[in-house]
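Visitor: generate a structure from the sequence data that follows.
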Amino acid sequence: MIEAKSFCETAKKAGFALYTGVPCSYVKPFINYVIDAPDLTYVGAANEGDAVAIAAGAQVGGKRAVVMMQNSGLGNAVSPLTSLNAIFRIPCLLIVTLRGEPGGPHDEPQHELMGRVTTKMLETMEIAWEYFPREEAEVASVLEKAISHIQKTSLPFCLVMKKDSVAPYKLTSKPKARDIAGASAIAGTTPDAAIRPSREEALRAVQRATTGDDLLVATTGFTGRELYACEDRSNQLYMVGSMGCASAFGLGLAWAQPKRRVVVLDGDGAMLMRMGALATLGYERPANLVHVLLDNEAHESTGAQSTVTHSVDLAAVAAACGYPSVTRVAGADELERALRDRTTGMRFLHAKIRQGSPADLPRPKVTPREVLARLEKHIAGS
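Guide: Numbers count the residues shown, from 1 in each chain. Sure, this is the predicted structure:
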């Protein structure tokens, strides 16, 4: 059994300053220690996939991150691990607990199957793994192996944690409540369907209002493809797969790059898929993040099947989740004006758009890895 401090301090020397995840009793000492530590950051995610995306954003922004989760939640992280981290080559350090360990201590029945297949799942996803250290003398060597793998492959490395690997640590910090009273006043109006802008018109407005100092994250599907078609820029990331993870990724990126404005271009179907991320962002409130929702009430890239946002007020959801500024944007010109306003403070801009995309909409000629490499170069060089 090791102390949480010994692992976290050793990891900190290697650049790991951000911890994110979903609690499990096995990692409770870690979470408690990090929350109490003044020089470490813990972001509690709504689900394990969001945690992976947060860590990925931080990594792209130049900061290493640790993702902690119970093995029962590993399935929730499969999408970003396989279609974000693997495709773009974004590493992170995973700590996954081994509940239901075969031959191990008695556990609840819901952990039995996952306990048998946890390491098999990691291997199927081609994620290298090692058991979490249980002796102080093992900490440095295990971390060295993980970091060596990360540096050589730019892929995640997982430490599988058995029960009683870490000594208890009692949390002393108290959570800081966030006032959401001011967010109840939502500005602006929703335009009639007949005068809503197209996605292309909205994206061109975004590009007119942003500069090379901004970092743009476009959600998967037609949003990224149309942004690329409007004008391909080195400060733009076109997400593929990992549906619903754009806002969590943007949170990690904004945390790692606090002097840059991060603009997340989200879609209604994607936001609904991981709507819990709104609560995390509404609590963390990075002052340099603008969350833009382009809402056409449809999963357009898969055949324009209807979402439910014709009957759901996502601006009100963002306000209820604690976004300090929420605005309904009526038209491309209003969206451009809103983005030209560089007032500090996290904002949510809800733009209703009409359905429809160019028939000859191209796919990016740059690969995801090329997109990421030039974005990281852009961040480092400007």
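
Visitor: got the phi/psi numbers for the nearest residue to residue 191 once chain neighbours are set aside?
Guide: Distance criterion Cβ to Cβ, 6 or more residues apart in numbering; nearest residue to residue 191, sequence neighbours excluded, is residue 330 at 4.1 Å. C-beta: built from backbone N, CA, C; applies to glycine. Torsion angles at residue 330 (phi, psi; degrees, to the nearest 10) stand at phi -100, psi 90.

Visitor: isn't residue 330 right up against residue 189?
Guide: Yes. With contact defined as Cβ atoms under 8 Å, residue 330 reaches residue 189; the gap is 5.5 Å.

Visitor: more neighbours: those two, which one.
Guide: A direct count of neighbours by other Cβ atoms under 10 Å for residue 330 and residue 189 places residue 330 higher, at 18 against 11.

Visitor: name the helices or strands packed onto the host helix or strand of residue 336?
Guide: Element membership for residue 336 (DSSP states H and E) is helix 332-340. Other elements packing on helix 332-340 under the criterion 3 or more Cβ pairs under 8 Å, 6 or more residues apart in numbering; DSSP states H and E are helix 199-209, strand 289-295, strand 325-329, strand 347-352.

Visitor: roughly how far is the worst-scoring helix or strand of the chain on mean pLDDT from the heart of the chain?
Guide: Least confident helix or strand, the chain: strand 305-306 with a mean of 82, by mean pLDDT, DSSP states H and E. Here strand 305-306 is found 25 Å from its chain centre; the criterion is Cα atoms, centre = their mean, to the nearest Å.

Visitor: so what strands line up beside that strand?
Guide: Using DSSP bridges, the strands paired with strand 305-306 are strand 298-299 (antiparallel).

Visitor: what sits up against the least confident helix or strand of the chain?
Guide: 297, 298, 299 (Cβ atoms under 8 Å, 6 or more residues apart in numbering).

Visitor: which residues are in contact with the last one?
Guide: Shown here is residue 299, whose contacts under the criterion Cβ under 8 Å, 6+ apart are 221, 269, 305, 306, 307.

Visitor: repeat that for the second one.
Guide: Counting by Cβ under 8 Å, 6+ apart, residue 298 touches 268, 269, 304, 305, 306, 307, 355.

Visitor: which residues touch residue 189?
Guide: 328, 330.

Visitor: repeat the analysis, applying 10 Å as the threshold.
Guide: 327, 328, 329, 330, 334 (Cβ atoms under 10 Å, 6 or more residues apart in numbering).

Visitor: quick one: buried ones out of these?
Guide: When the contacts of residue 189 are checked for burial by 16 or more other Cβ atoms under 10 Å, the buried set is 327, 328, 329, 330, 334.

Visitor: how much space separates the closest residue to residue 325 other than its chain neighbours from residue 238?
Guide: Spatial nearest neighbour of residue 325, excluding adjacent residues (Cβ to Cβ, 6+ apart): residue 347 at 4.3 Å. Distance of residue 347 to residue 238, given as Cβ to Cβ, to the nearest Å: 22 Å.
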